[in-house]
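> Below is the sequence, then the predicted model.
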Amino acid sequence: MEDAFSWLKRGSAEIIPEEELKAKLAEGRPLTVKLGADPTRPDLHLGHAVVLRKMRQFQELGHKVVLIIGDFTGMIGDPSGRSKTRPPLTLEETRENAKSYVEQAGKILRQEPHLFELRYNSEWLEGLTFKEVVRLTSLLTVAQMLEREDFKKRYEEGIPISLHEFLYPFAQAYDSVAIRADVEMGGTDQKFNLLVGREVQRAYGQAPQVCFLMPLLVGLDGREKMSKSLDNYIGITDPPEVMFKKLMWVPDPLLPDYFRLLTDLTEAEIGEVLAQGPVPAHRVLARLLTAAYSEPLLPPRLDRAYYEGLGYAWAAFGRDQGVGPEGVREAEARYDQVAKGAIPENLPEVEIPPSELKEGRIPVARLFTLAGLTPSNAEAKRLIKNRGLRINGEVVEDPHLEVELKGPLVLQRGKDRFVRVRPL
């Protein structure tokens, strides 16, 4: 039991309370481990993987994960960490987003019926009577609600807080009552909500859940938590070449956290890798995670044995060449090519229809937009003024250039976005 607890505790931010989790593990029964999923943002990234991998560890110990899609609470919008009211979604929108969420989560969580259950909280929240809602809200005071950092800040700054936002923690807490949760998982920004769950379970005569909080993974900007809306994310379904390069971009100071939260290497092994310097450390991290997320189901342990099983020599610390799974090897080779200023061999191709050409020529801004490298002609012209676009390796300097398109051309945006265009 102690070994199981130590494994689960590794990388956690806070377990409230630890002794209760130890006691529950000692009961020798499968625990119900809950995670509420936000259906407003269905694209999962490595920040989500921090919590999902911890839930996978519970599964490997024989416990059951219950993934609750907040289709009903999505119509309220979780105010956690928000500086303003989040626009609500319809029930249909949340259900549609949930399909993508569950499919992606299946890369990390095992799906066997005794280890996994999918629920929608509209099952029990939609039928709650007003009498029951009043009973729930009587369990906390307005003063307690305003202790939440996000509510407190908005209140002090005079930013409106809608009353329906106060209902979100109660709705999430009632989810725990509905499934009789033993443990609820979440990031550190969910602490208040998870603690409300303990109080509500007590009020309904249930043993309170253990609150299991995981750190928030900082994104590639090195400042904010990983988020698709901030474009500082690494998606768990990113193609190998995209995932590899993004992992090579992780800011050096964040490497220890990325190893601790996203792998199962020991502290001693992490220390060994980091001692080699940032470049070898990045390469080990990129190889390990790119290989793992290229598999249909994430391996149970992303440790040294898994890394060596991929064909890499641990003692080489990322300096061995031409080894590893083919997909990762190709992604690594592409990254190295681009880093040296070369144009990669395998590029996406776009055919330009004759209707876009006038006497075999096309405006350069239009060409980059048709290639999908810029969202609009105006954006293409702005990037040209900043020397951000190239054709066949040469910087485009004239935003009004008419490009002759007789054969294939390689378009480039920034350092690593390439498209080959040719006339149809």
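Done, it's in.

> Can you give me the domain boundaries for this structure?
What the TED database lists as the domains of the chain is 4-214, 238-340, 349-423.

> which stretches of the stretch 151-300 of the chain form helices?
Counting by DSSP state H, counting those that start in this stretch, the stretch 151-300 of the chain has helices at residues 163-179, 191-203, 240-248, 255-262, 267-275, 278-293.

> Any regions of the protein where pLDDT drops low?
Within the chain, the stretches with pLDDT under 70 are 1-2, 41-42, 75-89.

> Tell me which residue is most central in it.
With distances taken as CA atoms, centre = their mean, H45 lies nearest the centre of the chain, 1.9 Å away.

> That one and Y233 touch, don't they?
Yes. At 4.1 Å, H45 counts as touching Y233 under the criterion of CB atoms under 8 Å. In this view, the C-beta of every residue, glycine as well, is placed from N, C-alpha and C.

> now F368, nearest residue through space, not along the chain?
A380 (4.4 Å; CB to CB, 6 or more residues apart in numbering).

> Pull the contacting residues for the one you found.
Residues in contact with A380 (CB atoms under 8 Å, 6 or more residues apart in numbering) are 364-366, 368-369, 373-374, 389, 399.

> One more pass at 10 Å, please.
363-371, 373-374, 388-389, 396, 399, 413 (CB atoms under 10 Å, 6 or more residues apart in numbering).

> What's the ChimeraX syntax to select whichever of those are buried?
Only the buried entries of those go into this ChimeraX selection, using 16 or more other CB atoms under 10 Å:
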select :363,364,365,366,367,368,369,370,371,373,374,388,389,396,399,413
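
> now the strands for the stretch 51-200 of the chain?
With strands called from DSSP state E, counting those that start in this stretch, the stretch 51-200 of the chain shows them at 64-69, 116-120, 183-187.

> I'd like the ones you listed as a markdown table, with distance to V210 and mean neighbour count appended.
Formatted as a markdown table, the strands of the stretch 51-200 of the chain follow (distance: least, CB to CB, whole Å; neighbours: other CB atoms under 10 Å):
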| stretch | distance to V210 | mean neighbour count |
| --- | --- | --- |
| strand 64-69 | 14 | 22 |
| strand 116-120 | 18 | 17 |
| strand 183-187 | 5 | 25 |
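
> Tabulate these (JSON lines), appending distance to K22.
Listed next are those as JSON lines, based on distance: least, CB to CB, whole Å:
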{"stretch": "strand 64-69", "distance to K22": "19"}
{"stretch": "strand 116-120", "distance to K22": "24"}
{"stretch": "strand 183-187", "distance to K22": "12"}
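
> Relative to A291, how far out is L254?
Using CB to CB, to the nearest Å, one obtains 20 Å as the distance from L254 to A291.

> so what sits against both of H45 and Y233?
217, 219, 226-227, 246.

> Which one, of the strands of the stretch 51-200 of the chain, ends up nearest to R10?
Distance to R10, taken as CB to CB, is lowest for strand 183-187 among those, at 14.6 Å.

> Which helix or which strand is home to I362?
strand 361-363 (DSSP states H and E).

> List the contacts of that strand.
352, 356, 367, 369-370, 377, 380-381, 399-406, 421, 423.

> go with 8 Å
352, 356, 370, 377, 400-405.

> How about stretch 296-304?
Contacts for stretch 296-304 (CB under 8 Å, 6+ apart): 53, 56, 60, 106-108, 110, 262-266, 269, 288-289, 292, 306, 314.

> mind checking the end-to-end distance for that stretch?
20 Å (CA to CA, to the nearest Å).

> So which bits of that stretch are buried?
Buried, per 16+ other CB under 10 Å, within stretch 296-304: 298, 301-304.

> Within the sheet, what are the partner strands of the helix or strand where V403 lies, with directions?
Assigned by DSSP H and E, V403 falls within strand 402-404. Applying DSSP bridges to the sheet, strand 402-404 is found paired with strand 361-363 (antiparallel).

> starting at the chain centroid, how far to the strand it pairs with?
40 Å (CA atoms, centre = their mean, to the nearest Å).

> Pull out the CA atoms of the next helix or strand after that strand and give them to me as PDB.
Once the chain leaves strand 361-363, the next helix or strand it forms, by DSSP H and E, is helix 364-370. Extracted in PDB, the C-alpha atoms of helix 364-370 (Å, rounded to 0.1, in the frame of the first residue of the first chain):
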ATOM      1  CA  VAL A 364       2.900  36.800 -53.700                       C
ATOM      2  CA  ALA A 365       0.500  37.500 -50.800                       C
ATOM      3  CA  ARG A 366      -2.300  35.500 -52.500                       C
ATOM      4  CA  LEU A 367       0.200  32.600 -53.100                       C
ATOM      5  CA  PHE A 368       1.100  32.300 -49.400                       C
ATOM      6  CA  THR A 369      -2.600  32.600 -48.400                       C
ATOM      7  CA  LEU A 370      -3.600  29.800 -50.900                       C
END
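
> Nice, that's everything, thank you.
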